[in-house]
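[1] Pasted the sequence and its predicted model underneath.
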Amino acid sequence: MGVLVRIPTPLRRITNGQARAEMEASSVGELVDKLDAAYPGIKARLLDEHGEMRYFVNIYLNGEDVRFLQGLATSTASGDEVSIVPAVAGGAG
């Protein structure tokens, strides 16, 4: 069993419609690299040109925002669940 990644609807065109992916990775950064190897182009949607998480993308590890952990260096283990959540803008006008 690897790390389960939940793919949000806006990124599913990159993952051929897959809502979930499972892969082995020891950190969130390695997970992003492996996702990009499996689904080319997904890394560019998650990280900026400096390799930092884009401000409008949140990545959660077991419900915890990785920005408040160790960011992309946050360790992952088999059985963990990672959710990619794009920020949503809007509200009453």
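    Okay, I see it.
[2] Please make it C-alpha for all contacts and neighbour counts, starting now.
    OK.
[3] and residue 37, how many neighbours does it have?
    Look at residue 37: counted by other C-alpha atoms under 10 Å, it has 12 neighbours.
[4] a strand runs through it, doesn't it?
    No - secondary structure of residue 37, determined by DSSP: H, G, I helix; E, B strand; the rest coil: helix, with no strand assignment.
[5] Use 15 as the first number from now on
    With 15 as the first residue, the last one maps to residue 51.
[6] shouldn't residue 80 be in contact with residue 74?
    Yes - if you go by C-alpha atoms under 8 Å, residue 80 and residue 74 touch, sitting 5.6 Å apart.
[7] Do me a favour and get the end-to-end distance for stretch 71-90?
    Start-to-end span of stretch 71-90 (C-alpha to C-alpha, to the nearest Å) is 19 Å.
[8] what bridges to the closest residue to residue 19 other than its chain neighbours?
    In this structure, residue 19 finds its nearest non-sequential neighbour in residue 96, 4.7 Å apart by C-alpha to C-alpha, 6 or more residues apart in numbering. Following DSSP bridges, residue 96 is listed with bridge partners residue 19, residue 75.
[9] What of residue 35?
    residue 19.
[10] Now do the same for it: its pLDDT.
    In this model, residue 35 is scored at 97, pLDDT.
[11] I'd like to know how many residues surround it.
    15.
[12] and what of residue 72?
    17.
[13] Any stretches of the chain with poor pLDDT?
    Applying pLDDT under 70 to the chain flags the ranges 103-107.
[14] Quick one: the strands in it, in order.
    Assigned by DSSP state E, the chain shows strands spanning 17-20, 34-37, 71-75, 78-79, 95-100.
[15] Please convert those to a markdown table, extending it with distance to residue 87.
    Listed next are the strands of the chain as a markdown table, based on distance: least, C-alpha to C-alpha, whole Å:
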| stretch | distance to residue 87 |
| --- | --- |
| strand 17-20 | 15 |
| strand 34-37 | 17 |
| strand 71-75 | 12 |
| strand 78-79 | 13 |
| strand 95-100 | 14 |
